[in-house]
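Engineer: coords below, sequence missing:
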DNA sequence: CTGTTAGCGCCTTCAC
DNA sequence: GTGAAGGCGCTAACAG
């Protein structure tokens, strides 16, 4: 019977009218007799007619597709962002094309290429850790495909991006600790070269200065964010002659490893040493000794915001507002977990 | 300059040859002079020529798009599956169209419709909890769009699916507990109507019988999988005159809530009552008293397998093997976490 | 080896 | 109110 294969021409023939009439009837064009409209729609339904979007997209040069590239789906933070992206896209009748770069520059480039070929209307990208060459992004710009970057932003001029501002959260975190009497506050940071680490470090320094606490570089240790690295980092902290009474960790996982390590070494968690970290993972609630507080970065909201920004760009695609670049930094926020 | 706008016709004109020659040269058709090929490719590069996939797809009736629908991206299990799907799809040069149903039947239907309109070559679907009407899936079948269902399978005849077989894991779990001397084993199951619950229940019964342990229905309680529900369920367990010495939970989150509750009620976890659960979430490792073991369902591998199956279907699209349906049940496996 | 011709399914002037 | 014709960019018979 070939359902799903019916075309406007088939309908036209069976009705003895022209295909243009059918086309118009289907899209409720005025100037088509009500009677004709009915007959067309009726038959279309019977024949299980389905407009071929590929044909329509092809004609209209618009696909309602948004390409999304992120480093990994296995990381909670990113799948939360993706969830936010999908919700907004769905709402606005856009569909997502998805790709994960796996932090591989080549793969990222290939995905960009593929999505460009699929003629996505726009893209949302969080770049790979290892991407240093930005030619693929330049290409998108040349092709006038709007891009909004999120979380991991390339160092390029004239781009749109959304990210979360860690500074606000870090400052809240330090203030929180100081208010509770802590004067020696350590930092287990991530890999030194990571921008996210530098941002934390800078904010940490600033926050301490705000509180007139003098900086002690030995209180800052780095971890490669593996379990071993985290243990190693905590080991360094514990080895200090003057141990900190509070430690801020790169994220909740780092904190949990550090806490684990500390407990094994007879440290009373959140008593001898208090912990605060980033991400506000829900699972911490299940721990006996979770970090006291965590800095929430609202990934879902970041996804929402990024998508809304892109859609806005798609709206005024024609207008000559090409000069305006959206650079949005959403504030992060300290969430206190234990209030004992 | 209009880059990204150059077409094969432009190239043909500038070179004074026909567009079909250009087309062939570009796709490395044999029977095209090396010289011509070079000239064409050279100019194409200069003009920043980009083939318009929408046109190609339109012509070839093939999009290299795979539609993926899952209930939610915020659930770890599903984003792991998606990760597996993406890896294979990428490898085979397919791109993913993504949609989350949010367990809403209407939304699921709309997404199916959209993806069908986008002319996806095939689909991978895990159905919404609340989907009872399958007309949208029937439609896909009529349109000859191959579908492979995963994890959450509709009750339909003649479908392809991949799921994990909980029975094997449950049997291992019970055996594990019995071997450690447990004779009274409780079950905190999920919502009664859920197939996943029934499957667990059936396997639980079977496993007990295998071990000649007599069934006691009061040892089986249900939870709606909310925190409150989980607490409520554990409360019921603790209220039993004859408390179980071991409890199998619907998944790790349920287990963690139950453990939490038990601890608050002076139960010595994994001593008075031992816990085993499903999912093998990595985060359990950070807990002081995690479930002793967890049944791993290998979501990433499920995603891989589902995608491979679909691609296989896409291969022999024409052949008349329509009779063969792939019903794959991947075994689940008990992973022992604590071996003290 | 290369050119010619025909569409793919739809929308859109331009006529009537 | 409706029909005829053309074309989007590309591929693929069918001819040379």
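Structural biologist: Nice, I can see it. Since the model is a prediction, treat every value here as computed from it, not as a measurement.
Engineer: Number of residues surrounding residue A:268?
Structural biologist: A count of neighbours around residue A:268, defined by other C-beta atoms under 10 Å in any protein chain shown, yields 11. Every C-beta, even on glycine, is put in place using the N, C-alpha and C of the backbone.
Engineer: Give me the helix or strand of chain A that scores worst on average pLDDT.
Structural biologist: helix A:53-60 (a mean of 88; mean pLDDT, DSSP states H and E).
Engineer: near DNA strand C at all, that helix?
Structural biologist: Yes. Remark: helix A:53-60 sits within contact range of DNA strand C at A:55, A:56, A:58, A:59, A:60, by C-beta under 7 Å from any atom of the strand.
Engineer: Which strands or helices does the helix or strand hosting residue A:90 pack on?
Structural biologist: Taking DSSP states H and E as the criterion, residue A:90 maps to helix A:76-91. Under the contact criterion of 3 or more C-beta pairs under 8 Å, 6 or more residues apart in numbering or on different chains; DSSP states H and E, helix A:76-91 touches strand A:65-70, strand A:95-100, helix A:299-315, helix B:76-91, strand B:95-100.
Engineer: winner for burial among the ones you listed?
Structural biologist: strand A:65-70 (a mean of 26; mean count of other C-beta atoms under 10 Å in any protein chain shown).
Engineer: Against which helices or strands is that strand packed?
Structural biologist: By 3+ C-beta pairs under 8 Å, 6+ apart, strand A:65-70 packs against helix A:76-91, strand A:95-100, helix A:105-117, strand A:122-125.
Engineer: how about the strands in the stretch 151-300 of chain A?
Structural biologist: Per DSSP state E, counting those that start in this stretch, the stretch 151-300 of chain A carries strands over the ranges A:160-165, A:185-189, A:220-222, A:246-249, A:274-278, A:293-296.
Engineer: right, and the ones you listed - which one's nearest DNA strand D?
Structural biologist: strand A:160-165 (26.7 Å; C-beta to the nearest atom of the strand).
Engineer: what's in contact with the closest one?
Structural biologist: Strand A:160-165 is contacted by residues A:146-151, A:153, A:297-298, A:302, A:305-306, A:309-310, A:313, A:325-332 when judged by C-beta atoms under 8 Å, 6 or more residues apart in numbering or on different chains.
Engineer: what are the pairing partners of that strand, and which direction each?
Structural biologist: Paired strands of strand A:160-165, with direction, are strand A:147-150 (parallel), strand A:327-331 (parallel) (DSSP bridges).
Engineer: Please point out which parts of the last one sit buried.
Structural biologist: The one in question is strand A:327-331. Judged by neighbour count (16 or more other C-beta atoms under 10 Å in any protein chain shown), strand A:327-331 contains these buried residues: A:328, A:330.
Engineer: State the next helix or strand along the chain beyond that strand.
Structural biologist: strand A:333-336.
Engineer: tell me the average confidence for that next one?
Structural biologist: The average pLDDT for strand A:333-336 rounds to 95.
Engineer: go on, stretch A:118-137?
Structural biologist: Stretch A:118-137 comes out at a mean pLDDT of 94.
Engineer: is that stretch up against DNA strand D anywhere?
Structural biologist: No. Counting by C-beta under 7 Å from any atom of the strand, DNA strand D is not contacted by stretch A:118-137; separation bottoms out at 10.1 Å.
Engineer: that older thread, out of the helices and strands packed on helix A:76-91, which comes closest to residue B:256?
Structural biologist: Evaluated over these, closeness to residue B:256 peaks at helix B:76-91, with 13.4 Å, by C-beta to C-beta.
Engineer: now the closest one against helix B:299-315, angle please.
Structural biologist: Here helix B:76-91 runs at an angle of 40 degrees relative to helix B:299-315 (axes from the mean of the first three to the mean of the last three C-alpha atoms, to 10 degrees).
Engineer: got the contact list for helix B:76-91?
Structural biologist: Outside helix B:76-91, the residues within contact range by C-beta under 8 Å, 6+ apart are A:72-74, A:76, A:79, A:82, A:98-100, A:107, A:111, B:66, B:68, B:70-73, B:95-96, B:98, B:124, B:126, B:150-151, B:279, B:281, B:297, B:299-308, B:311.
Engineer: mean confidence score for it?
Structural biologist: pLDDT averaged over helix B:76-91 gives 96.
Engineer: Give me the distance from it to the chain's centre.
Structural biologist: 8 Å (C-alpha atoms, centre = their mean, to the nearest Å).
Engineer: what do you get for stretch A:68-85?
Structural biologist: 6 Å.
Engineer: Can you name the residue of the stretch 151-300 of chain A that approaches DNA strand C most closely?
Structural biologist: For the stretch 151-300 of chain A, C-beta to the nearest atom of the strand, closest residue to DNA strand C: residue A:160, 29.0 Å.
Engineer: What residues are bridge-paired with that residue?
Structural biologist: Assigned bridge partners for residue A:160, using DSSP bridges, are residue A:148.
Engineer: quick one: contacts for residue A:211?
Structural biologist: Residue A:211 neighbours (C-beta under 8 Å, 6+ apart): A:174, A:175, A:178.
Engineer: measure the first one to residue A:240 for me?
Structural biologist: As judged by C-beta to C-beta, to the nearest Å, residue A:174 and residue A:240 stand 19 Å apart.
Engineer: neighbours of residue A:270, just the number please.
Structural biologist: 18.
Engineer: I figured it hits residue A:292, correct?
Structural biologist: Yes. With contact defined as C-beta atoms under 8 Å, residue A:270 reaches residue A:292; the gap is 5.7 Å.
Engineer: hang on, the earlier thing: could you save the strands paired with strand A:160-165 as CSV and add columns showing distance to DNA strand C?
Structural biologist: Below are those laid out as CSV (distance: least, C-beta to the nearest atom of the strand, whole Å):
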stretch, distance to DNA strand C
strand A:147-150, 27
strand A:327-331, 34
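Engineer: low pLDDT regions in chain A?
Structural biologist: A:1-4, A:317-322, A:338-340 (pLDDT under 70).
Engineer: Can you pull up the most central residue in it?
Structural biologist: Nearest to the mean C-alpha position of chain A, by C-alpha atoms, centre = their mean, lies residue A:81 at 4.1 Å.
Engineer: sorry, back to before: can you give me the angle the least confident helix or strand of chain A makes with strand A:65-70?
Structural biologist: Using the same axes, to 10 degrees: helix A:53-60 against strand A:65-70 is 100 degrees.
Engineer: so what secondary structure elements neighbour helix A:53-60?
Structural biologist: helix B:53-60.
Engineer: ok, and what's touching the helix it packs on?
Structural biologist: A:52, A:54-55, A:57-58, A:61, A:63, A:117-119, B:63-64, B:119.
Engineer: mind redoing it with 10 Å?
Structural biologist: A:52-63, A:65, A:114-119, B:7-8, B:52, B:62-65, B:118-119, B:121 (C-beta atoms under 10 Å, 6 or more residues apart in numbering or on different chains).
Engineer: Kindly supply the PyMOL command isolating those of the residues you listed that are buried.
Structural biologist: Filtering the contacts of helix B:53-60 down to the buried ones (16+ other C-beta under 10 Å) takes a single PyMOL command:
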select buried, (chain A and resi 52+53+54+55+57+58+63+65+114+115+116+117+118+119) or (chain B and resi 7+8+52+63+64+65+118+119+121)
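Engineer: And stretch A:218-236, end to end?
Structural biologist: Start and end residues of stretch A:218-236 are separated by 9 Å (C-alpha to C-alpha, to the nearest Å).
Engineer: Pull the distance from that stretch to the chain's centre.
Structural biologist: 26 Å.
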